[in-house]
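Novice: Got a sequence here, can you build the structure:
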Amino acid sequence: MKRQREYPKVVKIAILQINPRLANPEFNGSEIEQRYQEAVAGGAEIVVTPEMHVAGYIPNDRLWDPGVRYRIQAESERLVRLTGSTPLLLGTVTPAPSGRLWNELWWCSEGQVHHRIRKRVLPSYDVFDEHRWFEPDPNPQPLISFGGEQIGLSICEDLWANPWGQGSIRYTLNPIEDLVNQGASMLINASVSPANLGAWAPSKRYLGWVPSKADQRRKILLDQAQHYKIPIVFASRVGADSSLIYDGSSGMASAKGLWQGAPSFWEGLVWVDTKKPGDPWVVTEDMNWLRKALVTGIRDNFHKQGLEGAILGMSGGLDSAVVATLAQEALGSSRVLAVALPSMITSSESLRLAEEQCKKLGMELRTISIADPHASLEKAITTQTGTPLAARTHENLQSRIRGQILMALTTEPSVHKLLGTDKVTVINTANKSEAAVGYCTLYGDTVGILSPLGDCLKSRVFQLAQSMHGEVLDEIIARPPSAELSPNQTDEEALMPYRELDLILSMHLESSIPFHLIEEKLNNSNLGFPQMSEKINRTQTLLRHSEFKRKQMPFSLKVSPKAFGSGRQIPLTS
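Specialist: Numbers count the residues shown, from 1 in each chain. Below you'll find the model as predicted:
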């Protein structure tokens with residue numbers, strides 16, 4: 001292996017850490033053009049876009065649309081014509097002979113494409129299904145001579161196919177080593193890297209705990225930069241699309257194991273200077289990151305779908321208070337309507353806390369009693385059955401009436417006037433623990449277009465609420481969680497203590513530990529959770545028997561290693 005030079009010759013590199021629109025190449029192209037011009041004016045020697053940035057990562061089956069393909073090609077060619085002497089590394093796609101696409105990185109300057117580098121390793125695990133749309137290139141990609149450097153280019157997963165490995169996938173290719181063996185003196189990886197926290201854990205982590213994406217990213221970049229003794233530039237996007245959240249975190253890992261780069265969720269030009277030593281790369285995994293992620297997810301999913309106003313049910317409990325706080329930050333308090341929907345079971349304390357919480361957030365609260373519609377439905381049903389309503393039916397009716405009222409309000413002109421827009425929808429307030437064990441009612445508390453907390457176990461929601469100093473009421477945080485669908489009901493009496501339930505769910509769902517190994521790992525982790533076998537078995541049964549509910553729930557914002565949705569494909573039948 002070559003001895004590392006004291007300093008690389010290419011010094012100043014600009015990374016376009018921006019927020020694209022899926023299958024909207026004209027919008028994305030305009031952003032790339034503007035940022036490229038800024039970077040050139042700032043003295044960049046190379047300008048890098050993230051993976052597939054002209055198309056936006058990833059439009060899924062819209063990539064099969066001939067019209068979308070034509071527009072991507074046309075916009076890519078337009079951007080090439082705008083380039084001057086400063087190279088632009090442009091992430092785009094082009095048709096492959098198979099009918100699928102090549103995922104490419106173009107080296108463009110002086111109005112021409114000089115090199116086309118193709119992605120070699122396609123991920124097909126968790127939320128990724130790239131073999132559906134793309135063709136991998138099995139061949140080693142050539143180096144690019146520029147400014148006295150031999151630059152090796154790679155695209156996203158190419159960086160993860162290495163001897164250290166990540167997760168359960170092991171690849172036979174090692175694109176990075178192939179580039180180094182050809183004599184690369186610098187590596188540039190155009191990526192799109194969905195972000196998430198590590199698996200939830202109590203104060204001490206259990207055996208088999210899965211770390212955050214930022215931790216994995218830090219390891220994969222620093223390990224390879226130090227092992228191969230060359231700098232690695234990493235370019236990624238920010239923003240959110242559907243369930244996936246991208247925190248950017250672009251930058252450069254040095255051969256000495258140091259880092260320079262952008263803060264999470266920052267949008268703009270990220271400058272890296274190969275002559276600067278960098279700093280130790282410290283990953284901060286905290287509630288501030290989680291809050292930024294969830295606010296980004298709400299804001300982008302609303303704006304990119306043309307939505308402006310939100311309605312949510314306000315119960316006086318923890319989940320609705322946290323979602324209200326997030327929605328208020330993402331959309332503005334004037335664009336969020338909270339609705340209290342008391343029944344004959346609802347306590348006066350719940351109504352008081354809902355009112356005080358909304359007042360603290362500067363948010364409008366409307367109160368609509370569900371007692372009359374519940375009584376009407378009860379009468380209609382018992383007239384036909386000739387028997388009193390079952391307790392479960394009573395509970396489900398309450399939840400479904402609330403869901404119907406929330407949805408009905410989205411089309412009411414008076415609500416549109418209040419929120420200043422007719423582009424209004426419902427935000428769901430459920431958490432991951434409830435969804436995992438089916439502690440929810442279809443067409444009731446499962447309504448909404450997205451579930452901000454749907455990938456946050458209840459214990460993580462509690463931590464998030466505690467971090468919202470002065471925003472979420474202390475009384476709400478201290479209350480025992482309750483659905484308030486029957487007298488004196490509490491969640492933990494109906495289920496089990498959330499810390500126990502969430503530990504089981506975290507180990508199985510977020511760290512992929514089989515149920516039959518959970519108790520053994522708990523005992524070996526010395527976490528102080530003895531005699532859990534009965535609760536583990538019960539959790540397993542509840543999880544399996546509630547799959548049909550999760551198939552019909554709104555999508556959640558992915559903030560853990562494994563969320564319900566596209567990354568966890570479980571059949572209903574067995």
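
Novice: Show me this structure divided up by domain.
Specialist: Using automatic domain parsing, the domain parsing of the chain gives 12-285, 291-556.

Novice: Run through the helices of the stretch 151-300 of the chain in chain order.
Specialist: Using DSSP state H, counting those that start in this stretch, the helices found in the stretch 151-300 of the chain span residues 175-181, 213-228, 287-304.

Novice: chain center to the first one: distance?
Specialist: So the one you mean is helix 175-181. 31 Å (CA atoms, centre = their mean, to the nearest Å).

Novice: re earlier: adding mean pLDDT and distance to Ile427, write the helices of the stretch 151-300 of the chain out as a markdown table.
Specialist: All C-beta spots, glycine's among them, are computed from the backbone N, C-alpha and C. Shown next, in a markdown table, are the helices of the stretch 151-300 of the chain (pLDDT from 0 to 100; distance: least, CB to CB, whole Å):
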| stretch | mean pLDDT | distance to Ile427 |
| --- | --- | --- |
| helix 175-181 | 97 | 41 |
| helix 213-228 | 94 | 25 |
| helix 287-304 | 98 | 7 |
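
Novice: Same list, these, but as CSV with distance to Pro87 and mean neighbour count please.
Specialist: Converted to CSV, these look like this (distance: least, CB to CB, whole Å; neighbours: other CB atoms under 10 Å):
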stretch, distance to Pro87, mean neighbour count
helix 175-181, 17, 21
helix 213-228, 22, 20
helix 287-304, 30, 20
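
Novice: Find the nearest non-adjacent residue to Asn24, please.
Specialist: Gly56 (6.4 Å; CB to CB, 6 or more residues apart in numbering).

Novice: Provide the secondary structure category for that neighbour.
Specialist: Here Gly56 is coil, with the state taken from DSSP: H, G, I helix; E, B strand; the rest coil.

Novice: Residue ranges in the stretch 1-150 of the chain under the pLDDT threshold?
Specialist: For the stretch 1-150 of the chain, the stretches with pLDDT under 70 are 1-8.

Novice: do that again at 50, thanks
Specialist: 1-7 (pLDDT under 50).

Novice: how about the helices of it, start to end?
Specialist: Using DSSP H, counting those that start in this stretch, helices in the stretch 1-150 of the chain cover 25-41, 66-82.

Novice: What angle do helix 66-82 and the first one make with each other?
Specialist: Interaxial angle of helix 25-41 relative to helix 66-82 (axes from the mean of the first three to the mean of the last three CA atoms, to 10 degrees): 20 degrees.

Novice: Could you list every helix and strand in contact with helix 25-41?
Specialist: Helix 25-41 sits against strand 12-17, strand 46-48, helix 66-82, strand 88-95, strand 268-273, with contacts defined as 3 or more CB pairs under 8 Å, 6 or more residues apart in numbering; DSSP states H and E.

Novice: out of those, which comes closest to Ser145?
Specialist: strand 46-48 (13.0 Å; CB to CB).

Novice: what packs against that closest one?
Specialist: strand 12-17, helix 25-41, strand 88-95, strand 186-190.

Novice: can you list these in JSON lines and add mean neighbour count and distance to Glu308?
Specialist: Formatted as JSON lines, those follow (neighbours: other CB atoms under 10 Å; distance: least, CB to CB, whole Å):
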{"stretch": "strand 12-17", "mean neighbour count": "25", "distance to Glu308": "26"}
{"stretch": "helix 25-41", "mean neighbour count": "18", "distance to Glu308": "19"}
{"stretch": "strand 88-95", "mean neighbour count": "24", "distance to Glu308": "31"}
{"stretch": "strand 186-190", "mean neighbour count": "28", "distance to Glu308": "33"}
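
Novice: mind checking which of those is nearest Gly309?
Specialist: helix 25-41 (23.1 Å).

Novice: ok now that closest one, how far from the chain's centre?
Specialist: That offset, for helix 25-41, works out to 25 Å (CA atoms, centre = their mean).

Novice: Next: stretch 347-358.
Specialist: With CA atoms, centre = their mean, you get 31 Å for stretch 347-358.

Novice: What residues sit buried inside it?
Specialist: Across stretch 347-358, burial judged by 16 or more other CB atoms under 10 Å covers 350-351, 353-358.

Novice: Now distance to Ala563 too, for the domains of the chain, in a markdown table please.
Specialist: Shown next, in a markdown table, are the domains of the chain (distance: least, CB to CB, whole Å):
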| stretch | distance to Ala563 |
| --- | --- |
| domain 12-285 | 6 |
| domain 291-556 | 4 |
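
Novice: Show me the one of these that comes nearest Ser566.
Specialist: Closest among these, using CB to CB: domain 12-285, at 5.3 Å.

Novice: Now do the contacts for the spatially closest residue to Ser212 that is not a sequence neighbour.
Specialist: Nearest residue to Ser212 in three dimensions, chain neighbours excluded: Gly198, at 4.2 Å (CB to CB, 6+ apart). By CB atoms under 8 Å, 6 or more residues apart in numbering, the contact list for Gly198 reads 209-212, 215, 285, 560-561.
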